[in-house]
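Chemist: for reference, the sequence and a predicted model appear below.
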Number of protein chains: 4
Amino acid sequence: MAVRAAVAGASGYAGGELLRLLLAHPEVEIGALTGNSNAGQKLGALQPHLLPLAGRVLQETTPEVLAGHDVVFLALPHGQSAAVAEQLGPDVLVVDMGADFRLTDAAAWEKFYGSPHAGTWPYGLPELPGARAALEGSKRIAVPGCYPTAVSLALFPAYAAGLAGNEAVIVAASGTSGAGKAPKPHLLGSEVMGSMTPYGVGGGHRHTPEITQNLSAAAGEPVSVSFTPTLAPMPRGILATCSAAAKEGVTAESVRAAYEKAYADEPFVHLLPEGQWPATASVYGSNAVQVQVAYDAAAGRIIVISAIDNLTKGTAGGAVQSMNIALGLDETTGLTTIGVAP
Amino acid sequence: MAVRAAVAGASGYAGGELLRLLLAHPEVEIGALTGNSNAGQKLGALQPHLLPLAGRVLQETTPEVLAGHDVVFLALPHGQSAAVAEQLGPDVLVVDMGADFRLTDAAAWEKFYGSPHAGTWPYGLPELPGARAALEGSKRIAVPGCYPTAVSLALFPAYAAGLAGNEAVIVAASGTSGAGKAPKPHLLGSEVMGSMTPYGVGGGHRHTPEITQNLSAAAGEPVSVSFTPTLAPMPRGILATCSAAAKEGVTAESVRAAYEKAYADEPFVHLLPEGQWPATASVYGSNAVQVQVAYDAAAGRIIVISAIDNLTKGTAGGAVQSMNIALGLDETTGLTTIGVAP
Amino acid sequence: MAVRAAVAGASGYAGGELLRLLLAHPEVEIGALTGNSNAGQKLGALQPHLLPLAGRVLQETTPEVLAGHDVVFLALPHGQSAAVAEQLGPDVLVVDMGADFRLTDAAAWEKFYGSPHAGTWPYGLPELPGARAALEGSKRIAVPGCYPTAVSLALFPAYAAGLAGNEAVIVAASGTSGAGKAPKPHLLGSEVMGSMTPYGVGGGHRHTPEITQNLSAAAGEPVSVSFTPTLAPMPRGILATCSAAAKEGVTAESVRAAYEKAYADEPFVHLLPEGQWPATASVYGSNAVQVQVAYDAAAGRIIVISAIDNLTKGTAGGAVQSMNIALGLDETTGLTTIGVAP
Amino acid sequence: MAVRAAVAGASGYAGGELLRLLLAHPEVEIGALTGNSNAGQKLGALQPHLLPLAGRVLQETTPEVLAGHDVVFLALPHGQSAAVAEQLGPDVLVVDMGADFRLTDAAAWEKFYGSPHAGTWPYGLPELPGARAALEGSKRIAVPGCYPTAVSLALFPAYAAGLAGNEAVIVAASGTSGAGKAPKPHLLGSEVMGSMTPYGVGGGHRHTPEITQNLSAAAGEPVSVSFTPTLAPMPRGILATCSAAAKEGVTAESVRAAYEKAYADEPFVHLLPEGQWPATASVYGSNAVQVQVAYDAAAGRIIVISAIDNLTKGTAGGAVQSMNIALGLDETTGLTTIGVAP
């Protein structure tokens, strides 16, 4: 018996990627598709790569339209999920791809998002310690941000194994789809092709408290995070270059051993063989995470680099993976570790 | 019982794409992988996007290695397939992704390839009139070139319906993967990013006789073809802009009707709604073909534009589709019309 | 004594490129800069590559602001130039980078632009027969469209020499800056990177009548033009692939000879040596035009390919070149044939 | 009287960019051009963007060919400059664009380059304290590496002003031209478009000791450097994201004041207005450096980001700027702060 899924926000990049994955999911039947400003339009005009859904018409995001589904995915602007979720009732699995329910610290939420904190839901990054247990059977899932996914999977094993000091410096490059589909001058192709540029420098990016939350939990103590995101001339992908001061006694071998242990049984996280480095092209369209580690003895730092597809593992793939766990399906159902390259 | 498939030439772009598709094919089990200059290396170093095969080691391309498979795919340089195919015996399905067996005209072969003609195999473009019948049960398949796939599907209905005069002008833009993985200065990222440039101008490209063969067959008379390929700054995709003089009495409606009829039941060819134009991004990684038509009354020409992924429908997807037919499987098995976008 | 120049529309791509060139022009002093929606803003925030002008503030486009200059460049939306030009008086050199005064045929203007025809000014493509004489001393210049520049320079010599039949088929690829800086969803980096897509297919593009006008003038008879523009994943550049049926007796040698003769003394048009093909990267930021010709005997067509920078020779460089002629300066002043590559 | 300049290594990217700049330099006359593997070929086939030199023929790199010039630029592989320089005599200005004479520490040279140390020449980064004095009248110049240029200009003011602790974490993204023109599979357009990937991770990149040298000199004490370079999908540009622990008492104001003071009179380094961030596109083809600073109070770090064109300010522009100083010309002759954008 199929799981019937609705998608609120089906015209954007996150919604489109989710539909791409759900179309390939053997247990899911795609139900209502909504998109407020695009309601009434055919999906074929908005997501021309999703041919099997080309004739589907977008509806308004109302409780009536979203009723009658087993799962409702919310790909809405920040701040809109709480109201919609409330109307859906406690028995529907609600998967929020926005930020509203990711943070545990209400003060951090208010500082970075400027609105009252809506609450905290089980966090959809199954690879983190304890995350799977919280997701199993849950009716609410907060899908992580794309940068926090890439960065947390790069660094948490070093903190969990007690190898890294309590500060981390992270510089991440993201493809432009991370900035969404709303047209803004600085996101024009003419502007982004051939250009690298930073934004949210100095701790201002909203993913900073989420990264801090995850790394501090792994370390068991507060970790100070310096996070600089940059916009790269590519449509998809995040390359996160992360480092932390090595604690005394750390060696290249102990670092590698910690990551081998952490990821030995993870279906989506792949620690590359020594000498090979992650590339975003290798995970294009896939739910895989490529990770590599180094120990820079001269600088006394552990360097960990991860590559993900920001729309797949970083958003919609992570959502499906967490949904699978919540519904008791095999965690990998409908997902792949195979990228589309070159 | 699974179909056991070997791939000769697994380290290149065509071989890599084929493996990507075969990994998702429910009836195929991947057997031997060969690659002469890379024999002995792990696939993970050469095709880092194919994580499930990362540990597989490439072997030499010998009859012994290729023996014992139901299907052998040849992704070899032009001129090498005949010798390998002969050694495989008549009961193995041999799918040649090179050019050796595509042309029916030995003189055209010799003029464009400079070597003796090896023969002609059933042509793996199922959408062409009569092609499916020739492929059913066949033990030999000649996979079409990428440009001929895009161009023939754009233009054959106009010729088959008697709407187009006997000359065609074609300008096609291809992503760089069509030029292969052998490193050459003009294919460096530094050279191709930000640049459009033509090649093989004036009828010299080897795909010209193949296009001519297909269009002439559809027209029932010789069609004169002007074909100019260009290299575009993108890894994948072909956009073919094709036109032909309209015969008397042609209207916008009669053109559209011919294409609606030709593609009504085709699983992979999608005639877009009026007003929407093909984009290579929409078929990225998919086996779909997006087609749109126009009639320019002032110029008296029919304009047809098609978009494909040169590695999928243009090479490896076309190979799998034809293999499915030859083996009596559903033609769409393991293939998708869903692109990875944006 | 410097030529004092004002630029109306300094915040867009055409205006920015013009300023880049004027900053390097030894005879020009940059005066007022205007931009209605951006009036009051500093240029440094809008054109961050023009560091010497970073502190300049944009003004409103009014007769008072534009008064007191020797030259006024208009980089305004179509239809706005006539009113502004009238207010400037007959003694100021007005260079219109929009379309308003390009066409001689009022009916063609009205059909393609949907508004009354404002008139016809001397046409700023000096390489066309008779164009320089019309520009010398003129107080009004209509700068050609970017596509008509690339296409006319590719094909007019074949028509002027009587080698080509009276139809032409043109497919041109343009970088995204040709579509301007106004943010629209289909121009987002996420959409254009990795994608080729056509637009204005079937004769609908507004540059079609301008191309027709130029080629017909060269041929001395009406030429029928099939023109298909495509959007390429690069910020700048046009590659125009043009062809026409060869008249009887045409040979590869006679085609080449016609182009050698036409361009022997042209400072900006460079007929490449045989065997070398134009690439948009080679003319990036330069006023050069690279041209190459071929004769396809089998198809009976002359193929001519040109590459320009759409913002330089295709817009702002063409404007400066024509201004130089109008003012009696050396035509090449402030312009270069050197591209920025790779 | 013109300065006569020879360029050894004129067929590569550094040599091509140097020629682009020298063509625009009013005091320089371009003499011999050499390129060993390409000797005998016309420059037009190798550097098609340099139209004024298209007919020049490359010669062998011999003392005879290089004799009779006032300046000889060496754009040779590492390790070849010392032998050539010796043969040129002490009165010729030799500008080495390779690494041979950059490092003062012979042990660091031998560790990172694996060959005997050739010596140390005046360092061609005029903005560093004391650098101009050493360059004035010098007959030997060691042009800095591209990454050290971007990173040193980003961080030295913080160290010189005593604001930063003695460790620095640097992640820099470079366009592909930094990797040169020799064709290698991982530099193919098919591989780099759409992909970000790191290399030389963990302190292994040869620019690490050069960065360390510059920052330690500014700090007056050893600075520990963690440097991770990444390859970005663009032909040109470096974006360097640099940070260091802030010393006690540091404020956002004190950081900004230090940079305002350091760069108030520098012709090529531009501290952006607050709120605006560097973008590589803004310095495309220009000798400008765009810099912006932030103080992250929560993380206790100073963040400085710089953007340069790796081939211009990072290589050939830096070489010309230093040559100007050595020859007593105005430092900015032949150079621009205007980028080519979009």
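Modeler: Yep, that arrived. Note that the coordinates shown come from a computational prediction; the quantities given were computed from them, not determined experimentally. Numbers count the residues shown, from 1 in each chain, chains lettered A, B, ... in the order given.

Chemist: going by C-alpha atoms from here, please, whenever you check contacts or count neighbours.
Modeler: Fine.

Chemist: lowest-confidence helix or strand of chain A?
Modeler: helix A:81-88 (a mean of 92; mean pLDDT, DSSP states H and E).

Chemist: hey, C-alpha coordinates of it in PDB?
Modeler: Extracted in PDB, the C-alpha atoms of helix A:81-88 (Å, rounded to 0.1, in the frame of the first residue of the first chain):
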ATOM      1  CA  SER A  81       5.500  25.800   8.600                       C
ATOM      2  CA  ALA A  82       4.200  26.000  12.100                       C
ATOM      3  CA  ALA A  83       0.800  27.300  11.100                       C
ATOM      4  CA  VAL A  84       0.400  24.700   8.300                       C
ATOM      5  CA  ALA A  85       1.600  21.800  10.500                       C
ATOM      6  CA  GLU A  86      -0.900  22.600  13.200                       C
ATOM      7  CA  GLN A  87      -3.700  22.300  10.800                       C
ATOM      8  CA  LEU A  88      -2.600  18.900   9.600                       C
END
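
Chemist: which strands and helices sit next to that helix?
Modeler: helix A:63-66 (3 or more C-alpha pairs under 8 Å, 6 or more residues apart in numbering or on different chains; DSSP states H and E).

Chemist: can you list contacts of the helix it packs on?
Modeler: Applying C-alpha atoms under 8 Å, 6 or more residues apart in numbering or on different chains, the contact partners of helix A:63-66 are A:6, A:8, A:32, A:59, A:72, A:84, A:87-88.

Chemist: can you list the strands that the helix or strand following it pairs with?
Modeler: Remark: after helix A:63-66, the chain's next helix or strand is strand A:71-74, criterion DSSP states H and E. Under the criterion DSSP bridges, strand A:71-74 sits next to strand A:3-8 (parallel), strand A:93-96 (parallel) in its sheet.

Chemist: tell me the most buried of those?
Modeler: Ranked by mean neighbour count under mean count of other C-alpha atoms under 10 Å in any protein chain shown, the strands paired with strand A:71-74 are led by strand A:93-96, which reaches a mean of 26.

Chemist: helices along chain A, start to end?
Modeler: For chain A, the helices defined by DSSP state H occupy A:13-23, A:43-46, A:63-66, A:81-88, A:106-113, A:131-135, A:146-160, A:189-192, A:208-219, A:252-263, A:317-327.

Chemist: for those helices, please prepare CSV with the additional fields mean neighbour count.
Modeler: Supplementary listing: the helices of chain A in CSV, determined by neighbours: other C-alpha atoms under 10 Å in any protein chain shown:
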stretch, mean neighbour count
helix A:13-23, 24
helix A:43-46, 19
helix A:63-66, 16
helix A:81-88, 16
helix A:106-113, 15
helix A:131-135, 18
helix A:146-160, 25
helix A:189-192, 28
helix A:208-219, 23
helix A:252-263, 16
helix A:317-327, 25
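
Chemist: what sits against the closest residue to A:Gly194 other than its chain neighbours?
Modeler: Excluding the flanking residues, the one nearest A:Gly194 by C-alpha to C-alpha, 6 or more residues apart in numbering or on different chains is D:Met234, at 4.6 Å. If you count contacts by C-alpha under 8 Å, 6+ apart, D:Met234 has them with A:193-195, A:233, B:189-190, B:193, D:174-176, D:193.

Chemist: out of these, who's nearest C:Ala299?
Modeler: When those are compared for distance to C:Ala299 (C-alpha to C-alpha), B:Met193 wins out at 31.6 Å.

Chemist: hmm, D:Gly189 and that closest one touching each other?
Modeler: Yes. Using C-alpha atoms under 8 Å, B:Met193 is in contact with D:Gly189, at 7.0 Å.

Chemist: joint contacts of the two?
Modeler: B:233-234.

Chemist: point out where chain A drops to low pLDDT.
Modeler: Per-residue confidence for chain A (pLDDT under 70) gives these ranges: A:1.

Chemist: interface residues of it facing chain C?
Modeler: A:175-177, A:181-185, A:187-193, A:233-236 (C-alpha under 8 Å from any C-alpha of the partner chain).

Chemist: out of the helices of chain A, nearest to B:Ala279?
Modeler: Minimum separation from B:Ala279 across the helices of chain A (C-alpha to C-alpha) falls at helix A:43-46, 12.0 Å.

Chemist: start and end of stretch A:89-97, how far apart?
Modeler: 18 Å (C-alpha to C-alpha, to the nearest Å).

Chemist: show residues contacting that stretch.
Modeler: With C-alpha under 8 Å, 6+ apart, stretch A:89-97 has contacts from A:14, A:69-76, A:81, A:85, A:138-144, A:315-316, A:319, A:323.

Chemist: now the biggest strand by length in chain A, how far from the chain's geometric center?
Modeler: With secondary structure taken from DSSP state E, chain A has its longest strand at strand A:164-174. With C-alpha atoms, centre = their mean, to the nearest Å as the basis, strand A:164-174 stands 17 Å off its chain's centre.

Chemist: which strands or helices does it pack on?
Modeler: helix A:146-160, strand A:224-231, strand A:238-246.

Chemist: mind running it again at 7 Å?
Modeler: Applying 3 or more C-alpha pairs under 7 Å, 6 or more residues apart in numbering or on different chains; DSSP states H and E, one finds that strand A:164-174 contacts strand A:224-231, strand A:238-246.
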